[in-house]
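1. Structure of the sequence below:
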Amino acid sequence: MKTYFDIETGPLSDAELTAITPPFDPTEVKCGNIKDPDKIAAKLQEAETNYLRDVRDKAALDALTGRVLAIGLDDQNGKSCIAEHSEADTLGEFWMRYKCSTNHFVGFNIFNFDLPFLIKRSLHHRIKIPPSVRKGRYWGDQFIDLRDIWQCGDRKAKGSLDTICKFLGIEGKNGNGKDFARLFELNREKALEYLENDLRMTRQVGEILMGGAQ
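-> Numbers count the residues shown, from 1 in each chain. Presented below is the predicted three-dimensional model:
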């Protein structure tokens with residue numbers, strides 16, 4: 001049996017990001033031949049605004065600057081979503097389900113993103129990680145990464161989940177993951193529809209790559 005899973009992340013609050021992000025350095029801005037103090041000030045202000053925007057835009061991709069908002073699961077009992085009031089509760093619930101299951105946990109690019117993100121955020125909250133998750137340098141036998149299967153041993157092989165879906169004739173994304181955090185805040189139902197669609201894609205790709213095994 002298999003449990004397909006996918007995580008959705010978002011940036012930390014602006015206050016948290018400000019506390020851990022290196023401050024904007026105006027000396028790194030190239031002003032060229034601009035002499036007018038007002039124009040220089042305007043250029044520096046624009047550069048600082050862009051710097052802070054870039055920090056926030058990329059924050060959800062790093063466990064140091066992002067957090068787990070929701071975790072979707074799809075197994076023999078159907079689809080479910082873990083999106084508790086706090087990130088700590090969400091992580092605790094996921095690890096509990098993992099510990100209580102004998103299923104293989106299957107995802108796309110989980111060895112490079114999902115699992116490291118979950119572990120690092122769990123460490124932040126002092127949540128105990130099941131010892132079977134990681135065995136020295138290797139991931140536990142209970143995990144299957146579809147990207148590994150797709151690459152066929154070629155670590156340079158490219159292809160996002162959406163691209164591979166299109167290659168295999170499977171319907172792809174119904175939105176953009178970069179918008180998830182904002183959507184999660186404004187329209188929880190629509191955000192979870194996006195997550196559910198990602199789970200569908202993961203399962204359908206998995207069934208093809210693993211020969212239809214359940």
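
2. and the lowest-mean-pLDDT helix or strand in the chain, which residues are buried?
-> Scoring the helices and strands of the chain by mean pLDDT, DSSP states H and E places helix 37-59 at the bottom, with a mean of 78. By neighbour count with 16 or more other CB atoms under 10 Å, helix 37-59 contains the buried residues 43, 47, 51, 55-56, 59. Using the backbone N, CA and C atoms, a C-beta is placed for each residue, glycine as well.

3. And for stretch 142-151, what's in contact with it?
-> 2, 98, 103-112, 115, 132-133, 139, 157, 159, 161, 164, 202, 205-206, 209-210 (CB atoms under 8 Å, 6 or more residues apart in numbering).

4. returning to what we had before: show me what the least confident helix or strand of the chain is packed up against.
-> strand 2-11, helix 14-20 (3 or more CB pairs under 8 Å, 6 or more residues apart in numbering; DSSP states H and E).

5. Single out the most deeply packed of those.
-> Per-stretch averages of neighbours, counted by mean count of other CB atoms under 10 Å, single out strand 2-11 among the helices and strands packed on helix 37-59, with a mean of 23.

6. related to what we said a few turns ago, can you flag which of the contacts of stretch 142-151 belong to strands?
-> In strands, defined here by DSSP state E, the members of these are 2, 104-107, 139.

7. what mean pLDDT does stretch 148-163 have?
-> Mean per-residue pLDDT for stretch 148-163: 90.

8. Also stretch 2-21?
-> Rounded mean pLDDT across stretch 2-21 is 91.

9. still on that earlier bit, mind saving the C-alpha coords of the next helix or strand after the least confident helix or strand of the chain as PDB?
-> As assigned by DSSP states H and E, the chain's next helix or strand after helix 37-59 is strand 66-75. Taking C-alpha atoms only, strand 66-75 is exported to PDB below (Å, rounded to 0.1, in the frame of the first residue of the first chain):
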ATOM      1  CA  GLY A  66       9.500  29.400   5.300                       C
ATOM      2  CA  ARG A  67       7.000  27.300   7.200                       C
ATOM      3  CA  VAL A  68       4.700  24.400   6.400                       C
ATOM      4  CA  LEU A  69       1.100  25.500   5.800                       C
ATOM      5  CA  ALA A  70      -0.600  22.200   4.800                       C
ATOM      6  CA  ILE A  71       0.200  18.600   4.000                       C
ATOM      7  CA  GLY A  72      -2.000  16.500   1.700                       C
ATOM      8  CA  LEU A  73      -2.200  12.700   1.800                       C
ATOM      9  CA  ASP A  74      -3.800  10.200  -0.500                       C
ATOM     10  CA  ASP A  75      -4.000   6.600   0.500                       C
END
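
10. and the following helix or strand past strand 66-75 with strand 2-11, angle?
-> Once strand 66-75 ends, the next helix or strand along the chain (criterion: DSSP H and E) is strand 78-82. For strand 78-82 against strand 2-11, the angle by axes from the mean of the first three to the mean of the last three CA atoms, to 10 degrees is 30 degrees.
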